[in-house]
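Student: next input, structure requested:
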Amino acid sequence: MRGGGAGASAPGLPDAPALAPVNPLEEPMKELVEWGRETLPELLPYATDPLYIGIGAAAILGTLAAGTIGTNLALAHGARALNGLGHKLDRRPGVIAVGRRVDGGRVTRAAKPLVSLSFADRCMHVQIVAPTRQGKTSLILPWIEQDLRHHHTVIVIQTGGDLGSRALALADALGGRCTTSTRRSGHREVEPLVGAGSTPSDLAEQATATLEAISASNNVYYEKTNTVILRKLVLAAHAYARANGVEPDLAIIWRWLESDERLMEDLHVQANGAAPSPPSWRPWTKGRAAGSKTSTCA
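Tutor: Next up, the predicted model:
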């Protein structure tokens, strides 16, 4: 159902009389004008008197001064709150400030107006999801700055965007040390089998711990890890036997699994990670009868 045009009336009824528009401010304005006509002549002598002009100016200046002092006190209170949070964060490294607690659009005067996020929560339970150019980087950068000021290590892994470059610029400005790596060249800049001051045994333990942590998540990619490793060991044992003129034997693999030193020796590498030395070993299978089965490991 659509409404009729303006002024439409039902058939058989006379047209409604036209009504003049009513201005609700007309009467108050008339009263204000009448009051001004009666009062202004009485106030005019006071408006031209220097004494009353000075009193009015002093009142205006006093109001402005009170507003300025109140603003400065509010700013000082905010600065003390921020400094207080900074000292608390220094006592609890890893905790970061993420914003202010707001009630009804105004900052509350609660004992803890600033909202903080614990180290455990932001490392295990924080996920920021938003479309491109919606402020994700601007949200994370203050967190990175707080971590850098507490001398924490910050790792940024990204496939695109400007978070990495902005974080590096922030670290440079704060005097931090930066290490960057890229796969664009096709080479690995970060190699888990190499570590300053680490022995091969230490690096092997680190790789094992990492593999166990990944496997614990039941990732499909790592379900066949043990199978792949055993396959590579069998191929290595065949290559070892062929290079030394002996028959391939499962005991070769057992020898490597039993002793790290024997593995390093068979690979012609010194245990301290120095340059390879000339082979001084003898095949551990030497002297065994051809075709005999292995019952023990030498």
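
Student: which residues of the protein score low on pLDDT?
Tutor: Applying pLDDT under 70 to the chain picks out residues 1-29, 32-33, 35-94, 100-114, 181-197, 214-223, 268-298.

Student: got the domain ranges for it?
Tutor: With domains defined by automatic domain parsing, the chain comprises 31-91, 96-184, 195-286.

Student: how would you label residue 98: helix, strand or coil?
Tutor: strand (DSSP: H, G, I helix; E, B strand; the rest coil).

Student: isn't it up against residue 121?
Tutor: No - with contacts counted by CB atoms under 8 Å, residue 98 stays clear of residue 121, the gap being 10.2 Å. C-beta: built from backbone N, CA, C; applies to glycine.

Student: counting neighbours, go ahead and name the busier of the two.
Tutor: Using other CB atoms under 10 Å, the more surrounded residue of residue 98 and residue 121 is residue 98, with 15 against 11.

Student: and that one, what does it touch?
Tutor: 115, 116, 117, 143 (CB atoms under 8 Å, 6 or more residues apart in numbering).

Student: how far away is it from residue 262?
Tutor: Remark: distance between residue 98 and residue 262 (CB to CB, to the nearest Å) = 55 Å.

Student: ok, which stretches of the stretch 101-250 of the chain are strands?
Tutor: 102-103, 106-107, 114-117 (DSSP state E, counting those that start in this stretch).

Student: strands paired with the last one, and their directions?
Tutor: Read it as strand 114-117. Next to strand 114-117 in the sheet, as set by DSSP bridges, lie strand 96-100 (antiparallel).

Student: export the partner strand as PDB, just CAs?
Tutor: Taking Å, rounded to 0.1, in the frame of the first residue of the first chain, the C-alpha atoms of strand 96-100 are listed here in PDB:
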ATOM      1  CA  ILE A  96      53.600  -6.000  27.600                       C
ATOM      2  CA  ALA A  97      51.000  -3.200  27.600                       C
ATOM      3  CA  VAL A  98      48.400  -3.600  24.900                       C
ATOM      4  CA  GLY A  99      46.000  -0.600  25.700                       C
ATOM      5  CA  ARG A 100      43.900   1.200  28.200                       C
END
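
Student: list the buried residues of it.
Tutor: In terms of neighbour count (16 or more other CB atoms under 10 Å), strand 96-100 has its buried residues at 96, 97.

Student: skipping adjacent residues, who's closest to residue 262 in space?
Tutor: residue 255 (5.2 Å; CB to CB, 6 or more residues apart in numbering).

Student: helix or strand right after the strand or helix carrying the one you found?
Tutor: According to DSSP states H and E, residue 255 maps onto helix 250-258. Downstream of helix 250-258, the first helix or strand assigned by DSSP H and E is helix 260-266.

Student: got the CA positions of that following helix in CSV?
Tutor: Extracted in CSV, the C-alpha atoms of helix 260-266 (Å, rounded to 0.1, in the frame of the first residue of the first chain):
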residue,chain,number,x,y,z
ASP,A,260,79.0,-41.8,17.9
GLU,A,261,82.8,-42.1,17.9
ARG,A,262,82.7,-45.1,15.6
LEU,A,263,80.4,-43.3,13.2
MET,A,264,82.7,-40.3,13.1
GLU,A,265,85.7,-42.6,12.6
ASP,A,266,84.1,-44.6,9.8
